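Undergrad: return atomic coordinates for the entry below.
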Amino acid sequence: MNILRQLTWRLIPFLLAYSFFVHVSECGNIMVSPNKCFVKGGVAIHKARSTLECSSMCISLRGFAYMFRDGMCEVRGVGLGTLKKSMKFSPIVLEEVSRGKTPLSSEPYSDFYAEIKAIDDSDKSFFSNKNGVPQPWWALDLREVNLIHTVVILPMYVGFGRFNDIGVFVGTQLPADGDFTKWPMLDHYQGPYSSGEGRVNFTCTNLISGRYVAVQRVSITYEKLELRDVRVYVIRYPA
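TA: Purely as a prediction, here's the structure:
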């Protein structure tokens, strides 16, 4: 009886995978299901009811890792594994890595508003750049290359909607001219920001890795960049 139970539990993810994505097929670099198309090697995000159902999607899409959170399933590396390898898929673990790292920025307004204020664990202090700086920026040196998943920012709200047209960029070498917009963009926030929004999430939809994470206004304006808190979440795959 115990052997039968163990066999049943091992079969459940595959039965769910069959029922959910039984018609998944490949067409060049695209994985196709009846209602969805997924880029091969990319990320698939879909509603799910449980971790078990999410794991079944990972099997069906032949991904190499998955994460279930808040009713959504995220599968990484779509189509990169064979069905046999997908039987050993791993859950994605996110780790916050900003604390203790080295922040950089365009010239701050003063030492009281220095770049470290964005990662000092206080929502009362904040980073603010000097007046008259076009495309102000703030960056963080993670000291090693990481696979970036999400950057969470709590802007400073002063009633003027200053936090707008903001991009989060990821790279491996600091630009000499302070233009981070040439780096791959993790995500973009158009804004303008209002106080009721709380924290703004910038989430990766592709696999983007780098040593540095930068926050910069995309348009060339002289509006200040003011950040109360920044947190960086990277992907860890359990061994």
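
Undergrad: okay, CA-based contacts and neighbour counts for the rest of this
TA: Noted.

Undergrad: output the lowest mean pLDDT helix or strand found in this structure.
TA: Counting by mean pLDDT, DSSP states H and E, the chain has its least confident helix or strand at strand 25-27, which shows a mean of 38.

Undergrad: how about the helices in the protein?
TA: 2-21, 51-60, 83-86 (DSSP state H).

Undergrad: for the record, mean pLDDT for stretch 209-221?
TA: For stretch 209-221, the mean per-residue pLDDT is 92.

Undergrad: how far away from the center of its chain is that stretch?
TA: Remark: stretch 209-221 is offset 14 Å from the chain centroid, using CA atoms, centre = their mean, to the nearest Å.

Undergrad: what number of residues lie near the nearest residue to residue 102 once chain neighbours are set aside?
TA: Using CA to CA, 6 or more residues apart in numbering and skipping the chain neighbours, the partner closest in space to residue 102 is residue 141 (5.2 Å). Close neighbours of residue 141, defined as other CA atoms under 10 Å, add up to 21.

Undergrad: swap in residue 220?
TA: 11.

Undergrad: hmm, it is touching residue 133, no?
TA: No. Between residue 220 and residue 133 there is no contact under CA atoms under 8 Å: 9.3 Å.

Undergrad: remind me which residues of this protein are low pLDDT?
TA: 1-41, 80-90, 159-160, 205, 238-239 (pLDDT under 70).

Undergrad: could you break it into its assigned domains?
TA: Domain assignment of the chain by automatic domain parsing yields the ranges 2-91, 96-236.

Undergrad: residues contacting stretch 213-224, please?
TA: For stretch 213-224, contacts defined as CA atoms under 8 Å, 6 or more residues apart in numbering pick out 128-142, 162, 164-171, 180-181, 225.

Undergrad: PyMOL command for the buried members of those residues?
TA: Buried members of the contacts of stretch 213-224, defined by 16 or more other CA atoms under 10 Å, are picked up in PyMOL with:
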select buried, resi 128+129+130+133+135+136+137+138+139+140+141+142+162+164+165+166+167+168+169+170+171+180+181+225
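
Undergrad: in strands only, show me the contacts of stretch 213-224.
TA: 128, 137-142, 166-171 (DSSP state E).

Undergrad: nearest to residue 105 among those residues?
TA: Residue 105 lies nearest to residue 138 out of these, by CA to CA, at 4.2 Å.
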